[in-house]
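> What follows is a predicted structure for the sequence shown.
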Amino acid sequence: SMARLSHLFPVSFNLSLCPSSNSSFISSCSSSSIYFTEDDSSDEEWENKPTKRRASKKRCRAVSASPSPAKKHGQSPHRKKVHYAASPKKNSPRTGKTFSSPDKRNKGGKKQAAKRTAVEDEADDGDRWHDVDEDDLEPPQPRFRPERDVGPQLYRTANYTPLELFQLFFSKKVIDTLLRNTNAYGKKKCQGQRESWVPVTAADMHSFICLVLYMGIVPLKTLKEFWRGSKLFSLPFPASVMPCRRFLAISRSLHMNDPAVEAVNDLKKGSSGYDRLCKIKPLYEQIVEACHTFFHPHQHISIDERMVATKARIGLKQYIRNKPTKWGFKLFVLADSICGYTLNFFVYGGRDIEPTGKGLSYDAVMRLLNIPFLGKGYKLYVDNFYTSPTLFVDLLQRKIWACGTIRSNVAGYPKTKRNDMTKKTTRGTIRWIRKGDLLFVKWLDTREVTMCSTIHKAYTHDTAKRKVKNADGQWTVKHVPIPGCIKDYNRHMGGVDLSDALIGYYNVLHKTKKWYKTLFYHFVDIATVNAFILHKEMCKMQNRPALTQKSFREQLILSLAEIGSTPRRSAPQNFMFNVASRDRATAGRRTCVVCKRKSPVYCSTCQKTLCFTTLRNCYSEWHRYEDAPVSIVDSDY
């Protein structure tokens with residue numbers, strides 16, 4: 001045939017020499033699909049290639065018989081080859097299936113490049129994904145050796161009140177820091193104004209914190225509504241603890257650092273010595289120190305981020321897409337996986353620390369675990385933001401084992417595709433690779449999950465329940481195999497989430513324009529929740545019933561109110577006897593704590609102004625709820 005002759009005799013055939021055989025030759029070419037490739041052609045064929053002129057309709061019906069003029073000498077073979085491959089066009093007499101198109105060549109090149117890349121990856125990796133049928137070596141389990149006894153670092157037989165547990169975090173040192181800096185800022189702020197600054201005492205600060213906690217249990221839209229005496233807002237407790245003007249004055253002047261130190265820090269703005277967290281520094285460090293001083297974690301711990309909501313326009317504000325609170329201050333938190341106790345945390349202030357070159361997540365984990373009396377043999381659980389082979393190997397050198405989800409594009413993750421999962425892989429399929437102390441596991445549930453662990457074996461015959469539809473369309477429970485690392489991850493990863501949930505029930509966060517006050521309120525939340533967890537752990541050790549968080553907060557609020565300041569109101573009886581009878585109707589009249597109207601009646605026992613008239617009997621209403629002994633001071637009535 002002509003196709004075979006073209007291989008044996010590489011010459012150009014001029015169809016015009018055999019006009020009678022043109023039609024038969026064309027039909028045979030179209031049926032046999034002859035391809036002239038670069039291996040089948042010679043230099044003479046390149047010289048006799050037809051021109052690129054577009055054929056007319058008349059020429060399309062018949063095969064052109066005139067040979068094309070010869071190409072100029074001097075062209076390189078490479079240029080000839082490219083030009084020859086691109087020469088066929090649509091509707092030309094030589095198109096058909098005679099020449100291979102450039103698209104087919106490009107597709108073939110891409111496939112070859114993909115195969116070459118896969119081969120190189122396998123050659124570099126030198127391993128394959130194993131099935132569950134293949135046995136894995138179980139790594140040696142860590143020996144748990146903490147530096148202190150696990151649990152609260154308190155007297156095991158003592159019965160601590162909620163106030164005593166809260167004062168472990170807001171100690172006398174913390175209160176003194178708040179008093180010193182708040183008075184310094186308030187005095188500076190009130191210079192040149194009509195009203196002078198009244199110094200805040202320790203009792204005032206306890207009353208202020210008492211009302212902050214109370215507002216978390218009884219939330220209202222604005223702060224002033226807690227002191228309103230209308231029928232809808234009849235809350236006598238805030239007014240009995242502190243006047244509204246005094247509370248707002250302390251709230252406006254609240255400061256955690258010395259204003260002089262802040263002024264010096266502001267001069268360094270834009271330089272490497274500028275501290276973005278200067279305004280919260282002293283209280284921040286004292287709360288962190290108290291967190292890991294009074295509690296020692298159990299063997300399972302976890303690290304995650306926490307968001308504190310804010311709308312402040314400041315560079316400290318971060319965005320995390322998959323968090324319920326997407327905009328706010330980002331805190332990296334180390335928590336106990338069993339009870340949710342916050343062991344250590346730090347506020348992310350940007351690249352404020354010297355990077356190690358191993359990534360932000362690596363530096364965050366190492367900073368949180370830098371507790372001098374932590375011990376050895378801990379099992380750490382993290383998500384895919386932190387997990388990396390480099391981190392896990394370094395933690396293993398410090399006798400801390402780790403487990404977590406991992407991203408497939410992390411350096412050190414196996415790149416091999418041998419025996420990998422396909423689109424038709426059934427649910428519950430497990431693939432694994434072990435590289436030294438690191439175990440990489442893939443598990444197909446509703447989607448593919450990838451894990452890395454230095455603790456677990458690939459498969460320990462664990463199963464998980466899943467609801468699936470059978471052939472009849474009915475839901476049935478199916479037991480699918482699950483790796484042990486995923487089962488333990490689901491059990492122990494929620495330490496930070498548990499702490500966030502406990503904080504979110506009675507959050508004391510208020511709307512404020514100052515970003516550092518937002519973090520102050522969060523420090524109060526951390527201290528309260530940690531104190532409540534200490535209470536539960538102590539009750540568990542002493543085999544006695546524990547309070548709920550709401551009851552714990554209620555007792556704490558009442559205890560703070562007792563040691564706090566009370567509204568300074570002198571008894572009016574001496575004053576009233578020295579006033580003329582005609583002026584007693586207006587002299588010494590004060591605001592009733594119940595209805596907020598003017599009244600001269602004053603209770604010397606409760607030290608409250610109350611109405612006692614024919615129209616209003618606020619006196620009996622007040623003492624009905626307070627159950628206090630009564631003694632009325634004489635008045636005009």
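Happy to help now that I have it.

> From here on, just use CA atoms for contacts and neighbour counts.
Fine.

> Which parts of the stretch 101-250 of the chain are strands?
145-146, 151-152 (DSSP state E, counting those that start in this stretch).

> For stretch 172-184, give me every contacting residue.
199-202, 205, 250, 253-259, 282-283, 286 (Cα atoms under 8 Å, 6 or more residues apart in numbering).

> Next, the buried residues of stretch 273-290.
In terms of neighbour count (16 or more other Cα atoms under 10 Å), stretch 273-290 has its buried residues at 275-280, 282-284, 286-290.

> my bad, should have said stretch 546-557
Within stretch 546-557, the residues that qualify as buried are 546, 549, 552-557, counting by 16+ other Cα under 10 Å.

> Among those residues, name the ones in strands.
Assigned to strands by DSSP state E, none of the buried residues of stretch 546-557 qualify.

> tell me the centre residue of this structure?
Taking Cα atoms, centre = their mean, the centroid of the chain lies closest to Glu305, which sits 4.0 Å from it.

> tell me the SS of that residue?
The local conformation at Glu305, judged by DSSP: H, G, I helix; E, B strand; the rest coil, is strand.

> Surely it and Gly328 touch.
No. Proximity of Glu305 to Gly328 does not meet the contact threshold set by Cα atoms under 8 Å, at 11.4 Å.

> one step back: could you single out the most deeply buried of the strands of the stretch 101-250 of the chain?
By mean neighbour count, with neighbours taken as mean count of other Cα atoms under 10 Å, strand 151-152 ranks first of these at a mean of 18.

> That one packs against which elements?
With contacts taken as 3 or more Cα pairs under 8 Å, 6 or more residues apart in numbering; DSSP states H and E, strand 151-152 sits against strand 295-296, helix 515-542.

> 7 Å instead?
strand 295-296 (3 or more Cα pairs under 7 Å, 6 or more residues apart in numbering; DSSP states H and E).

> Which elements pack onto the strand it packs on?
strand 151-152.

> what residues does the strand it packs on touch?
294-297, 534, 537 (Cα atoms under 7 Å, 6 or more residues apart in numbering).

> I'd like to know which of these is nearest to Lys423.
Nearest to Lys423 among those, counting by Cα to Cα, is Pro297 at 42.9 Å.

> Tell me the pLDDT of the closest one.
Listed pLDDT for Pro297 reads 95.

> wouldn't it be in contact with Asp336 here?
Yes. With contacts counted by Cα atoms under 7 Å, Pro297 reaches Asp336, the gap being 5.7 Å.

> Turn the strands of the stretch 101-250 of the chain into TSV, including mean pLDDT.
Shown next, in TSV, are the strands of the stretch 101-250 of the chain (pLDDT from 0 to 100):
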stretch	mean pLDDT
strand 145-146	92
strand 151-152	94
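
> ok, back up a step: which one among the contacts of strand 151-152 gets closest to Lys478?
Distances from Lys478 to these, taken by Cα to Cα, are shortest for Pro297, at 36.7 Å.

> quick one: buried residues of stretch 184-200?
Buried, per 16+ other Cα under 10 Å, within stretch 184-200: 184-186, 197, 200.

> Alpha carbons of it, as CSV, please.
Extracted in CSV, the C-alpha atoms of stretch 184-200 (Å, rounded to 0.1, in the frame of the first residue of the first chain):
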residue,chain,number,x,y,z
ALA,A,184,-2.8,58.2,87.9
TYR,A,185,-4.8,58.4,84.7
GLY,A,186,-8.0,59.8,86.4
LYS,A,187,-6.0,62.5,88.1
LYS,A,188,-4.3,63.5,84.8
LYS,A,189,-7.6,63.4,82.9
CYS,A,190,-9.4,65.7,85.4
GLN,A,191,-6.8,68.4,85.4
GLY,A,192,-8.3,71.7,84.4
GLN,A,193,-11.9,70.5,84.9
ARG,A,194,-14.5,71.6,87.3
GLU,A,195,-14.8,68.3,89.1
SER,A,196,-11.7,67.0,90.8
TRP,A,197,-10.7,63.4,90.7
VAL,A,198,-11.9,61.3,93.7
PRO,A,199,-9.3,58.6,94.3
VAL,A,200,-10.4,55.0,93.8
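
> Centre of the chain to that stretch, how far?
Computed by Cα atoms, centre = their mean, to the nearest Å, the chain-centroid distance of stretch 184-200 equals 40 Å.

> average pLDDT for that stretch?
For stretch 184-200, mean pLDDT rounds to 87.

> Tell me the pLDDT of Ser66.
We have a pLDDT of 39 for Ser66.

> shaky segments in the stretch 51-200 of the chain?
Where the stretch 51-200 of the chain drops to pLDDT under 70, the residues are 51-126.

> let's see it at 50
Within the stretch 51-200 of the chain, the segments meeting pLDDT under 50 span 51-105, 122-124.

> just to revisit the earlier point, can I get the buried residues of stretch 184-200 in a markdown table including distance to Cys603?
What follows is these, written out as a markdown table (distance: Cα to Cα, whole Å):
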| residue | distance to Cys603 |
| --- | --- |
| Ala184 | 36 |
| Tyr185 | 37 |
| Gly186 | 33 |
| Trp197 | 30 |
| Val200 | 27 |
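
> Now the two most distant members of the residues you listed.
Longest span within the buried residues of stretch 184-200, Cα to Cα: Tyr185 and Val200, 11.2 Å.

> Quick check: neighbours shared by these two?
Counting by Cα under 7 Å, 6+ apart, nothing touches both Tyr185 and Val200.

> Can you report how many residues lie near the residue lying closest to Phe144 once chain neighbours are set aside?
Nearest residue to Phe144, sequence neighbours excluded (Cα to Cα, 6 or more residues apart in numbering): Gly377, at 4.2 Å. By the measure other Cα atoms under 10 Å, the count of residues near Gly377 is 19.

> Next, give phi and psi for Gly377.
Phi and psi for Gly377, reported as degrees, to the nearest 10, are phi 90, psi 20.

> which residues touch it?
Contacts for Gly377 were tallied using Cα under 7 Å, 6+ apart; they are 142-145, 399-401.

> mind putting the residues you listed in JSON lines, distance to Val477 included?
Output for the contacts of Gly377, formatted as JSON lines (distance: Cα to Cα, whole Å):
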{"residue": "Pro142", "distance to Val477": "36"}
{"residue": "Arg143", "distance to Val477": "38"}
{"residue": "Phe144", "distance to Val477": "38"}
{"residue": "Arg145", "distance to Val477": "41"}
{"residue": "Lys399", "distance to Val477": "40"}
{"residue": "Ile400", "distance to Val477": "38"}
{"residue": "Trp401", "distance to Val477": "34"}
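
> List only those of those flagged as buried.
The neighbour-count criterion (16+ other Cα under 10 Å) marks 142, 399-401 among these as buried.

> Let me know the closest of these to Ala527.
Ile400 (27.4 Å).

> Identify the bridge partners of the closest one.
Per DSSP bridges, the residues bridged to Ile400 are Tyr378.

> Hmm, Lys376 and it touching each other?
Yes. The criterion here is Cα under 7 Å, and Ile400 meets it with Lys376 at 6.2 Å.

> what sits in contact with each of those two?
Residues touching both Ile400 and Lys376 by Cα under 7 Å, 6+ apart: none at all.

> pLDDT weak spots in this protein?
Applying pLDDT under 50 to the chain flags the ranges 1-105, 122-124, 569-579, 628-637.

> Give me the neighbour count for Lys311.
Each residue near Lys311 was counted by other Cα under 10 Å, and the total is 14.

> so where does it fall, helix or strand?
Using DSSP states H and E, Lys311 falls within no helix or strand.

> Tell me the secondary structure at Phe332.
Phe332 carries the three-state label strand when classified by three-state DSSP.
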